[in-house]
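Chemist: Next come a sequence and a model predicted from it.
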Number of protein chains: 2
Amino acid sequence: MQELLPAEQAVFNKLKKSIEDVYRHHGFMNIETPIIDRTEILFSKAGGDTEKQIYKVIKTDESADDADQALRFDHTVPLARYVVQHENDLTFPFHVTQIGRNFRGERAQKGRFREFYQCDVDIIGRGELPVAYDAKVIAAVYEALKTFDLPEMQIRISNRKILTNFIEILGLSDKATAIFNIIDHAEKIPPEQTTQALYDLGIPEDNVVKITTFINTHGTPDDVEASLQSIIDDIDNFQEGLSELRTVYELLKQSGLGRQATIDFMIVRGLDYYNSTVVEIFLPEYRAIGSIAGGGRYDNLANNFTDQKLPGVGVSIGLTRLFYILNQHELLRTNSEKPIDVAIIPITDNEHTFALDLANKLRTKDKSVDVVLTDKKLGDKLTYASHIAKNAIIIGENEVNSGTIEIKDLETGTTSPLVI
Amino acid sequence: MQELLPAEQAVFNKLKKSIEDVYRHHGFMNIETPIIDRTEILFSKAGGDTEKQIYKVIKTDESADDADQALRFDHTVPLARYVVQHENDLTFPFHVTQIGRNFRGERAQKGRFREFYQCDVDIIGRGELPVAYDAKVIAAVYEALKTFDLPEMQIRISNRKILTNFIEILGLSDKATAIFNIIDHAEKIPPEQTTQALYDLGIPEDNVVKITTFINTHGTPDDVEASLQSIIDDIDNFQEGLSELRTVYELLKQSGLGRQATIDFMIVRGLDYYNSTVVEIFLPEYRAIGSIAGGGRYDNLANNFTDQKLPGVGVSIGLTRLFYILNQHELLRTNSEKPIDVAIIPITDNEHTFALDLANKLRTKDKSVDVVLTDKKLGDKLTYASHIAKNAIIIGENEVNSGTIEIKDLETGTTSPLVI
């Protein structure tokens, strides 16, 4: 688990706040789902590695009335349950944001946390949800990340329909899950290992070559269509996926993100519930750190809970991991400022009421103010103040009688009259 | 678990934000501790009912390297561990706030939630922490609650040293835990049941009378001292507790809370770790709902982890329960406003780029803006807009060509030129 000191926490909170603001500006409404949910709901859509990582919870004092429960591993599965449950009280397409902690029992390793913040935007339609909405969530997440002042970002988009069709045409549908998994990990290992992994599945050489060519296909919609045509004779089956990719790409261009967006068939995403658009955002200069945000389209996520069609699309920023990575690479604007605006130091108890009164006046001006209560000597109080505060005000008998107050900048040492 | 619709969540978030702001204004620094912690740490200080309510967590895919883990039931126990672990990086007295969810497997009942927000302020000293700090956390919590525009609030304070001494003088120390528990529940049941519960413990009549008189003792420090003297001949042993109560009471008076503060020996608090000041805040007009905030002094909480003395004091607002109660009693300023400031409706795809551009301009003015993408008819788009937004802007060919844009107030129906 990541645990921060107050100064680091302040930076983390600032990033979280700027994500919240951008999501709100883009018209997403905040909700919070419970952290503990029924196991049957959470397990219905996890799949793969994730299923093994789910934390179950049990009461110390077990009682028979409790269903099997577990901790959510993402925001999307509880959201599907939420939308079904509250359907009649929501306006569709439902634009929603969730920011909070999720839980996965991953193997302990650097930069991976078992308890981590995710900052999601999702749009859920009723009956239908045009593919244009996919671009809307991607743009909102990109704009949120832009507030971090990161190096250049790249938006890599694929579409699972194309990948699924491709594997079907190669006659490898029975190995689809294994192939998805190999592609999902392809970027993190040398190319020859990926090739070997495909051979290990018993795939013949010509198809292995086709798959590796496919994986390395990227560029504009025209580029990838041409590349597909060079691998497969008849690409009629790919038209739905290609047309969706074109729509998303065009809309991102209209949102001013044409330079950042690229189609890239190496993008798959690990979770089972995606069925169409998939997306990951990267820092090309720091490709080794992996994606800093990701998501996609899940048209069937709610179908365990309802017959109603509730297609959705969502993208999430993994803030805990991103914060760790940015810190490691010194890409965070850290804050060396002291957390408190003003420390007010009453010299004796006689000035206490006056000091508290002054503190309350400054607080109405949005200042954070500490009235230093310790019964130590003035020097000790000043030392304490200099550790936590930008400014100090000393209140003695003179200040109470005259009402004239000076404020000392603890950084520069300069003193000036306080004007409230 | 409590799960809110977006409009309710917005009210909840506003309350949470105003608590955060007041805590910050009062000089408390925010931290976050993990939700999952080692069972041995959490169990070390739970005691009583709470211990039975702790949720343990286990990984689906169990691995031997994991220690026993559980979900935190409050913020105070993880804070004690945090302070010991990061002691060398903190400035003492450490003024800290934690706002987040805690977990207790309570019996299902109305208004009690197993997953609930607590909003804590705590001050931890190193070596010593003068009792004056107790007033500081109480005042911060009172000021935070004041922003809710609640009916009159009452701050009821007691001191466990007095209660402990009292039970000792009566020769009932072996029954202390049971008596604490009876007093803690006394307000929620008829007085004769409390009396009966004391008799059931085998306490003789004269002592039962003394205890019930004690429980009903409240008023100024002078009042309660006089009342104590009427029950017990020699109150020398009570001087330490009484003197602490006087200090807290006087400081609250200096903070302008003299009218709200009262000493009240019925206040005990349920958790084991309090050893001196205990406090609860009530709405006298709604006494049946119980306390809306509570806390106290815990001088020995860290002593499971360190030999260093790290005395602390903290008070917490149980926001999830408070929100539920205020809602039930219609004491919340609910927000019937639509969540989105402006819905921009492009008539055709040709106006889409223009609409997105306009949206981004409005977003830089802190407006929440939704560009309505649905491929439905204009009437349907307007219906959607009227459900979610305060204002609508329609963008057609004319608007794009002329650059003259009108904004419609969806509440009043009036239209005016848009000025950015």
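Modeler: Noted; the coordinates are in hand. Numbers count the residues shown, from 1 in each chain, chains lettered A, B, ... in the order given.
Chemist: residue contacts, A:His185?
Modeler: A:Thr194 (Cβ atoms under 8 Å, 6 or more residues apart in numbering or on different chains). Where C-beta positions appear, they are placed from N, C-alpha and C, glycine not excepted.
Chemist: Name the helix or strand for it, please.
Modeler: For A:His185, the host element (DSSP states H and E) is helix A:176-185.
Chemist: ok, then the element right after that helix?
Modeler: Read in the C-terminal direction, the helix or strand following helix A:176-185 is helix A:191-200, with elements assigned using DSSP H and E.
Chemist: which residues are contacting the following helix or strand past that following helix?
Modeler: The helix or strand immediately downstream of helix A:191-200 is helix A:205-215, counting by DSSP H and E. Helix A:205-215 has contacts (Cβ under 8 Å, 6+ apart) with A:163, A:166, A:170, A:172, A:179, A:183, A:186, A:191, A:194-195, A:198-199, A:203, A:227-228, A:230-232, A:265-266.
Chemist: repeat that with 10 Å
Modeler: Under the criterion Cβ atoms under 10 Å, 6 or more residues apart in numbering or on different chains, residues A:162-163, A:166-167, A:169-172, A:179, A:182-183, A:186-187, A:191-192, A:194-199, A:201, A:203, A:224, A:227-228, A:230-232, A:264-268 lie in contact with helix A:205-215.
Chemist: Which other helices and strands does the helix or strand just after that helix contact?
Modeler: Scanning forward in sequence from helix A:205-215 by DSSP H and E, the next helix or strand is strand A:218-219. On a contact count with 3 or more Cβ pairs under 10 Å, 6 or more residues apart in numbering or on different chains; DSSP states H and E, strand A:218-219 meets strand A:154-159, helix A:221-231, strand A:261-264.
Chemist: Show me the strands paired with whatever helix or strand A:Tyr117 lives in, marking each as parallel or antiparallel.
Modeler: Assessed by DSSP H and E, A:Tyr117 sits inside strand A:115-124. Under the criterion DSSP bridges, strand A:115-124 sits next to strand A:94-103 (antiparallel), strand A:312-318 (antiparallel) in its sheet.
Chemist: Next, the buried residues of it.
Modeler: A:Glu115, A:Phe116, A:Tyr117, A:Gln118, A:Cys119, A:Asp120, A:Val121, A:Asp122, A:Ile123, A:Ile124 (16 or more other Cβ atoms under 10 Å in any protein chain shown).
Chemist: looking at the helices and strands packed on strand A:218-219, which is buried most?
Modeler: Sort the helices and strands packed on strand A:218-219 by mean neighbour count, taking mean count of other Cβ atoms under 10 Å in any protein chain shown, and strand A:154-159 sits at the top with a mean of 25.
Chemist: Now do that strand against strand A:312-318, angle only.
Modeler: In terms of direction (axes from the mean of the first three to the mean of the last three Cα atoms, to 10 degrees), strand A:154-159 departs from strand A:312-318 by 150 degrees.
Chemist: Any residue of strand A:154-159 touching chain B?
Modeler: No. Using Cβ under 10 Å from any Cβ of the partner chain, strand A:154-159 stays clear of chain B, coming no nearer than 15.7 Å.
Chemist: That strand packs against which elements?
Modeler: Counting by 3+ Cβ pairs under 10 Å, 6+ apart, the packing neighbours recorded for strand A:154-159 are helix A:132-146, strand A:218-219, helix A:221-231, helix A:239-254, strand A:261-264, strand A:277-282, strand A:293-298.
Chemist: average pLDDT for stretch A:378-391?
Modeler: The predicted model assigns stretch A:378-391 a mean pLDDT of 94.
Chemist: Oops, could you answer that again for stretch A:4-18 instead?
Modeler: Rounded mean pLDDT across stretch A:4-18 is 95.
Chemist: Kindly report the same for stretch A:405-416.
Modeler: 95.
Chemist: Spell out which residues of the stretch 101-250 of chain A are next to chain B.
Modeler: Selection of the stretch 101-250 of chain A residues close to chain B by Cβ under 10 Å from any Cβ yields A:101, A:103-108, A:113-115, A:117, A:123, A:125, A:128-133, A:135-136, A:139, A:143, A:250.
Chemist: now with 8 Å?
Modeler: The stretch 101-250 of chain A comes close to chain B at residues A:Arg101, A:Phe103, A:Gly105, A:Arg107, A:Ala108, A:Arg114, A:Glu115, A:Pro130, A:Ala132, A:Tyr133, A:Lys136, as judged by Cβ under 8 Å from any Cβ of the partner chain.
Chemist: If the nearest residue to the third one once chain neighbours are set aside is in a bridge, with which residues?
Modeler: So the one you mean is A:Gly105. Nearest non-adjacent residue to A:Gly105, counting by Cβ to Cβ, 6 or more residues apart in numbering or on different chains: B:Lys59, 3.9 Å away. B:Lys59 has these beta-bridge partners by DSSP bridges: A:Tyr55.
Chemist: List phi and psi for A:Asn237.
Modeler: phi -60, psi -20 (degrees, to the nearest 10).
Chemist: Relative to A:Ile215, how far out is it?
Modeler: Note on A:Asn237: its distance to A:Ile215, by Cβ to Cβ, to the nearest Å, is 19 Å.
Chemist: When the two are compared, which one has more neighbours?
Modeler: Legend: neighbour count by other Cβ atoms under 10 Å in any protein chain shown for A:Asn237 and A:Ile215, higher for A:Ile215 (23 against 16).
Chemist: Shouldn't A:Lys408 be within a helix?
Modeler: No. Per DSSP: H, G, I helix; E, B strand; the rest coil, A:Lys408 lies outside any helix segment and is strand.
Chemist: Pull the number of nearby residues for it.
Modeler: So A:Lys408, with other Cβ under 10 Å, has 23 neighbours.
Chemist: Please look at it and A:Ala392 and confirm they touch.
Modeler: Yes. With contact defined as Cβ atoms under 8 Å, A:Lys408 and A:Ala392 form a contacting pair (4.9 Å).
Chemist: For the stretch 301-420 of chain A, which residue gets nearest to chain B?
Modeler: Residue nearest to chain B within the stretch 301-420 of chain A: A:Asp370 (3.2 Å; Cβ to the nearest Cβ).
Chemist: Would you state the helices of the stretch 301-420 of chain A in chain order?
Modeler: Assigned by DSSP state H, counting those that start in this stretch, the helices in the stretch 301-420 of chain A fall at A:319-328, A:352-363, A:378-388, A:397-402.
Chemist: So, low pLDDT: which residues of chain A?
Modeler: A:45-49, A:61-67 (pLDDT under 70).
Chemist: A:Lys52 versus whichever residue of the stretch 101-250 of chain A sits closest to chain B, what's the distance?
Modeler: Nearest to chain B in the stretch 101-250 of chain A, going by Cβ to the nearest Cβ, is A:Gly105, at a distance of 3.9 Å. Counting by Cβ to Cβ, the gap between A:Gly105 and A:Lys52 amounts to 8 Å.
Chemist: Out of the two, name the residue with the larger neighbour count.
Modeler: Neighbours were counted for A:Gly105 and for A:Lys52 using other Cβ under 10 Å; A:Gly105 has more, 23 against 15.
Chemist: how far away is that one from A:Thr220?
Modeler: As judged by Cβ to Cβ, A:Gly105 and A:Thr220 stand 41 Å apart.
Chemist: ok, now A:Asn181?
Modeler: Using Cβ to Cβ, A:Asn181 is found at 28 Å from A:Thr220.
Chemist: ditto for A:Ile395
Modeler: Taken as Cβ to Cβ, the span from A:Ile395 to A:Thr220 is 67 Å.
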